[in-house]
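After the sequence you'll find the predicted model.
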Amino acid sequence: MLNKMMSILAGWLIDGSGAAVQEKMRIDLFNGIIQSIRKITPPLPPAVKTGASVIDLSECTVLPALMDCHVHLALLPDAPRGLPGDGVPEAYSRVLRHLHEHLTCGVMAVRDGGDAAGCVARYKAYAAVNDLPLDVRASGPAWHRPGRYGQFIGHELAADQRLSEAILQQRGDIDHIKIINSGINSLTVFGKETAPQFDTDEMTDAVRVARQRGFKTMVHANGTAPVKIALDAGCDSIEHGFFMGVENLHQMADNRVTWVPTAYTMLALKQRMQDRGQATDVAQKNFDHQVEQIQMACELGVRIALGTDAGSAGVPHGQALVQEMRVFREAGFSVEQVVMYATHNAAMLLGLPEAGRLKPNMQANLIAVWGDPSQLPESLGAIEQLVYKGKQLNLNRTYLKNASNTQGLC
Ligand SMILES: [Zn+2]
């Protein structure tokens, strides 16, 4: 049952807007909606007991629930191309497990970038039945050119099919369209660019048709030409964007296109190569270059949102967002900025305008971690409190259970 009125005492508050941390704040909720946020007049009430109406988090940092803007819930980080004998029940139970992993890291909304069977889009109906404390945004299978990169996360077009035609006919409980417009980054040749999968004409038509159907487009693109085509076409976000170059960054800033840089993926790949005794110098250079691009993007005013590509090789669900935040912190971004990228900016991209910020009239989707904000993002490893739409969650409870109950969805 939802507590009609509730107050949260926060030792430190990060509101998701990028504004400076505030100390000793009180958040009042009514029916899961934030009514007011004000300074607690000192001293902090000495012995406020945690009860039905007051949650004492005065030793904690409170921030909006996190969002991961790029995941593949159906993919296993250790075997992203799938396991032999994979069937629908296995995929569903994997999706459930991965959602639970996100939740334990304070991630309460994810934007899926596709799987070949479209499991996640189908799974959403099941999620609604169980009233999960998570928002899942799904693309269904990602679109790619026959014979090009993308088989294990999407569908290839038929030989004579235009991208716009495929998007027009795409069915299922989807929230956005995913298009793949390049290959992946070379781990042996620094900065090697792959050819675009679609030209400007075809991409422009595709984005227009998606928009007519009410969908945003997320475009996987690395390299100058693939990114430029996606931007000229009017896409909503660039995913990865390694080696896109400064001209594209300018265009993104001018056109208010969101960038999801997934920088940690490159460190995860480097780690895998190291474990296998392979040379890692190119992976490291790729990563360093991406960090330079991110710093430049910030100076130019590009809107950045955090995503991880969780489910791709070596990138774990949930934990990867903590790692991505660490990359940004080490690149010199303030804790307030990094939280904004993982909350407010992400919410705008996911189409969740009522979430991602802590301010009056917003949904109370928030997390609390022990200690002051300087402990972030590491303190996300031990979350003290999760609140979704004003309800306190108990992480020991299995929200994501009964994976075998998938009849009728297969
Ligand atoms: Zn991806």
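Received the coordinates, thanks. Numbers count the residues shown, from 1 in each chain.

Write out the residues of the stretch 301-410 of the chain neighbouring the ion.
Neighbours of the ion within the stretch 301-410 of the chain, by C-beta under 5 Å from the ion: residue 309. Quick note: C-beta positions are derived from backbone N, CA and C, even for glycine.

Helices of the stretch 301-410 of the chain, residue ranges please.
Ranges of helices within the stretch 301-410 of the chain are 319-330, 335-342, 344-350, based on DSSP state H, counting those that start in this stretch.

just the stretch 101-250 of the chain next, same as before
Ranges of helices in the stretch 101-250 of the chain, per DSSP H, counting those that start in this stretch, are 119-130, 163-169, 200-212, 224-233, 246-255.

Any idea which of the ones you listed gets closest to the ion?
helix 119-130 (12.2 Å; C-beta to the ion).

State the mean pLDDT of that closest one.
Averaging pLDDT along helix 119-130 gives 73.

Could you do stretch 89-105 as well?
Mean predicted lDDT for stretch 89-105 stands at 87.

By mean pLDDT, show me the worst of the helices of the stretch 101-250 of the chain.
With a mean of 73, helix 119-130 has the lowest mean pLDDT of the helices of the stretch 101-250 of the chain.

For whichever residue of the stretch 1-150 of the chain sits closest to the ion, give me the pLDDT.
Residue of the stretch 1-150 of the chain nearest the ion, by C-beta to the ion: residue 113 (4.0 Å). Looking at residue 113, its pLDDT is 96.

That one reaches residue 308, doesn't it?
No: here residue 113 does not reach residue 308: they are 10.3 Å apart, not a contact under C-beta atoms under 8 Å.

returning to that earlier point: and the residue of the stretch 1-150 of the chain closest to the ion, how far from residue 174?
12 Å (C-beta to C-beta, to the nearest Å).

shared neighbours of those two, which are they?
Each of residue 139 lies in contact with both residue 113 and residue 174 under the rule C-beta atoms under 8 Å, 6 or more residues apart in numbering.

Neighbour count: those two, which is higher?
residue 113 (31 against 21; other C-beta atoms under 10 Å).

Tell me which residues touch that one, please.
For residue 113, the contact set (C-beta under 8 Å, 6+ apart) comprises 70-72, 139, 142, 153, 178, 218, 220, 239, 309.

now with 7 Å?
Shown in contact with residue 113 (C-beta atoms under 7 Å, 6 or more residues apart in numbering): 70-72, 139, 142, 153, 178, 218, 239.

just residue 389 next, same as before
Listed by C-beta under 7 Å, 6+ apart, the contact set of residue 389 reads 32, 363-365.

ok, these vs residue 22, which is closest?
Nearest to residue 22 among the contacts of residue 389: residue 364, at 16.6 Å, using C-beta to C-beta.

Do me a favour and average the pLDDT over stretch 322-334.
Mean predicted lDDT for stretch 322-334 stands at 98.

now stretch 13-20
98.

give me phi/psi at the residue of the stretch 201-350 of the chain found nearest the ion?
Nearest residue of the stretch 201-350 of the chain to the ion: residue 309, at 4.4 Å (C-beta to the ion). In terms of degrees, to the nearest 10, the main-chain angles of residue 309 are phi 70, psi 30.

what do you get for residue 333?
phi -80, psi 140.

what's around the residue lying closest to it once chain neighbours are set aside, how many residues?
Distance criterion C-beta to C-beta, 6 or more residues apart in numbering; nearest residue to residue 333, sequence neighbours excluded, is residue 298 at 7.1 Å. Burial of residue 298 is recorded as 17 neighbouring residues (other C-beta under 10 Å).

Please consider this matter closed, and thank you.
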